[in-house]
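Q: task: produce atomic coordinates for the following.
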Amino acid sequence: MSDTRAATTAAEQADIVIAGAGYVGLTTAVAIADAAPHLKIVLVDAAPEGVWKKDGRGSAVAAAAVRMLERLGIWEKVKDETQPITEMIVTDSRTSDPVRPVFLTFGGEAKPGEPFAHMLPNTALNGALRERAKALGIDIRQGMAVSGIDRQMAAIRVALTGGGTVDARLLIACDGVRSTIRDMAGIHTVHWDYGQSGIVATVAHERPHEGRAEEHFLPSGPFAILPLKGNRSSLVWTEPTREAERLVNADEMLFDHELEQRFGHKLGALTVEGGRRAFPLGLTLARDFVKPRIALAGDAAHGIHPIAGQGLNLGFKDAAALAETIVEADRLGLDIGALDVLETYQRWRRFDTVQMGITTDVLNRLFSNDNPLLRAARSFGLSLVDRAPPLKDFFIGQAAGLSRGPSPRLLKGEPI
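A: Predicted coordinates for the structure are as follows:
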């Protein structure tokens, strides 16, 4: 077995250990504890206490995920800080173009009265999830990581940094795209680097955005403007990695000039709030989502290009599907860490994840270039979609996370 061996000292007992207290780890813990409060959950996170409060970014939460957060008692705590996306436009142009023709427009409703997505600050969502987790009795241990695992027949022994071990029936890895638990479990990945980085920043502007999101396909990569509450927007700005590093390290005047070239002047003067950061972009897909007593969720299972804004919502789907799989198995008296139980989760999530990974990969390769033939084909394709209401409805449904196949109950707003 390829596991890292944990120490053989007396271990604490739990039903589930979750590694990673980001959105996916917290949501999975809350969803399980809400439906099966008798299960003891220990959630460990390597980040220092309170570091999540320094995250100045915003996230797009699809309609299906909103339904889940409403069911779990989270949305009520954050809804006053959210910004519904009322409209989305797509352009295909060059940075130097004086006018960017709009090739595609989407209305912002998945169903009448239900926006297909909301934007909200990361700190608000993380804080509300933590508050709910603590109310449900979930044991959150900050500044602590998994240092080793030893899978046994009826349990997995989890060694923690700083000493101490926990014997659990299941270990859930939500520890990011560079997951150490995935490596410990001997799970291989398919991976390639795009040679791009995503610059993330928040800007304030003079005029209101009216809830409109914009995706500008530029030769260097997509430039997304996502509306936040008030006269503020969140940016996801893709550039070749070397150029992204230059921009992030540039002085304020140069950065603002480059930003205005891409953002335009339609919302008046721009002011960058907080810092700017760049993240390397690539495609990472785990070959297996599960092993005996181990399940991967969120970025530990899949990391995709942000071109479609679906990375977080794929993670929320994982959380809903995994929680439902575990809770239903527990109600039937089955072993929640057994491979045949966990394979139900894997079958549920693998196709959707691979499909989205391939889709974002193709979109990025198709749009992140200045090839005249591809530009003509893109323009024709976008215009065709814009004139076909059924196609637009399909894409809105996908963006809202409302797939036509079997969906976890939580994503339909139903209890497990």
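Q: pick out the residue nearest the middle of this protein.
A: residue 312 (1.5 Å; CA atoms, centre = their mean).
Q: just the buried residues of the lengthiest helix in the chain, please?
A: Taking DSSP state H as the criterion, the chain has its longest helix at helix 339-367. By neighbour count on 16 or more other CB atoms under 10 Å, the buried set for helix 339-367 is 341-342, 344-346, 348-350, 352-353, 356-357, 359-361, 363-364, 367. Every C-beta, even on glycine, is put in place using the N, C-alpha and C of the backbone.
Q: need the contact list for the residue nearest to the centre of the chain.
A: Applying CB atoms under 8 Å, 6 or more residues apart in numbering to residue 312 gives the contacts 23, 59, 60, 61, 65.
Q: in the stretch 301-416 of the chain, where is pLDDT below threshold?
A: By pLDDT under 70, the weakly predicted segments of the stretch 301-416 of the chain are 380, 383-392, 394-395, 403-405.
Q: ranges for the helices of the protein?
A: 23-35, 63-71, 75-78, 122-135, 180-184, 241-249, 252-263, 311-331, 339-367, 372-386, 389-399.
Q: and the third one, what's buried?
A: When neighbours are counted by 16+ other CB under 10 Å, the buried residues of helix 75-78 are found to be 75, 77, 78.
Q: and if you look at stretch 209-228?
A: Buried positions in stretch 209-228, judged by neighbour count with 16+ other CB under 10 Å: 209, 211-218, 220-228.
Q: now do the end-to-end distance for it.
A: Start and end residues of stretch 209-228 are separated by 9 Å (CA to CA, to the nearest Å).
Q: can you give the distance of that stretch from its chain's centre?
A: Relative to its chain's centre, stretch 209-228 lies at 18 Å (CA atoms, centre = their mean, to the nearest Å).
Q: and residue 235, what is it in contact with?
A: 199, 200, 201, 202, 203, 223, 224, 225, 226, 259, 263.
Q: run a quick neighbour tally on the fourth one.
A: To tie it back to what came earlier, the one meant is residue 202. Neighbour count for residue 202, taken as other CB atoms under 10 Å: 20.
Q: so it versus residue 310, what's the distance?
A: 21 Å (CB to CB, to the nearest Å).
Q: please apply the same query to residue 69.
A: 17 Å.
Q: and residue 168, by the same measure?
A: In terms of CB to CB, residue 168 sits 31 Å off from residue 310.
Q: quick one: which of these two has more around it?
A: residue 168 (25 against 22).
Q: looks like the more buried one contacts residue 151 (just checking).
A: No. Using CB atoms under 8 Å, residue 168 makes no contact with residue 151, being 10.8 Å away.
Q: nearest spatial neighbour of residue 209, skipping sequence neighbours?
A: residue 227 (4.3 Å; CB to CB, 6 or more residues apart in numbering).
Q: bridging residues for that neighbour?
A: Beta-bridge pairing for residue 227 (DSSP bridges): residue 233.
Q: right, and it touches residue 119 too?
A: Yes. Using CB under 8 Å, residue 227 is in contact with residue 119, at 5.8 Å.
Q: between these two, which contacts overlap?
A: Contacts common to residue 227 and residue 119, judged by CB under 8 Å, 6+ apart, are 83, 85, 234.
Q: list the contacts for the last one?
A: Meaning residue 234. Residue 234 neighbours (CB under 8 Å, 6+ apart): 57, 58, 119, 200, 201, 202, 225, 226, 227, 228.
Q: list the contacts of residue 295.
A: 170, 171, 172, 173, 289, 322, 342, 345.
Q: show me what it is bridged to.
A: The residues that residue 295 bridges to, once DSSP bridges is applied, are residue 172, residue 290.
Q: need the pLDDT of it.
A: For residue 295, the pLDDT comes out at 98.
Q: what separates it from residue 156, distance-wise?
A: 11 Å.
Q: ok, now residue 311?
A: Following CB to CB, the distance that separates residue 311 from residue 156 is 28 Å.
Q: neighbour-wise, which of the two wins?
A: A direct count of neighbours by other CB under 10 Å for residue 311 and residue 156 places residue 156 higher, at 23 against 20.
Q: check whether residue 407 really touches residue 64, as I assumed.
A: Yes. Taking contacts as CB under 8 Å, residue 407 lies within contact range of residue 64: 7.3 Å.
Q: between these two, which is the more surrounded one?
A: Counted by other CB under 10 Å, residue 407 and residue 64 do not tie: residue 64 has more neighbours, with 26 against 19.
Q: tell me who's in contact with that one.
A: Residue 64 touches 313, 316, 317, 400, 401, 402, 407, 411, 412, counting by CB under 8 Å, 6+ apart.
Q: ranking the helices of the chain by burial, who's on top?
A: helix 23-35 (a mean of 26; mean count of other CB atoms under 10 Å).
Q: pull the contacting residues for residue 204.
A: The contact partners of residue 204, by CB under 8 Å, 6+ apart, come to 230, 231, 232, 270, 271, 273.
Q: worst-scoring helix or strand of this protein, pLDDT-wise?
A: Least confident helix or strand of the chain, by mean pLDDT, DSSP states H and E, is helix 389-399 with a mean of 69.
Q: about what we covered before: what's the most distant pair in the contacts of residue 312?
A: Maximum pairwise distance in the contacts of residue 312, criterion CB to CB, is 12.0 Å, between 23 and 60.
Q: hang on, the earlier thing: closest to residue 106 among the contacts of residue 312?
A: Once CB to CB is applied, the member of the contacts of residue 312 that ends up nearest residue 106 is residue 60, at 13.3 Å.
Q: next, count neighbours for that closest one.
A: Residue 60: 25 surrounding residues under other CB under 10 Å.
Q: per-residue confidence at it?
A: In this prediction residue 60 is given a pLDDT of 93.
Q: what's the answer for residue 91, then?
A: 86.
Q: so how far is residue 307 from it?
A: 14 Å.
Q: please apply the same query to residue 373.
A: Separation of residue 373 from residue 307 (CB to CB): 20 Å.
Q: and residue 291, how many neighbours?
A: 24.
Q: these two touch, right, it and residue 338?
A: No. Counting by CB under 8 Å, residue 291 does not reach residue 338; the two are 11.3 Å apart.
Q: overlap of the contact sets of the two?
A: With CB under 8 Å, 6+ apart, residue 291 and residue 338 have no common neighbours.
Q: just how off-centre is stretch 224-240 within its chain?
A: The answer for stretch 224-240 is 16 Å, by CA atoms, centre = their mean.
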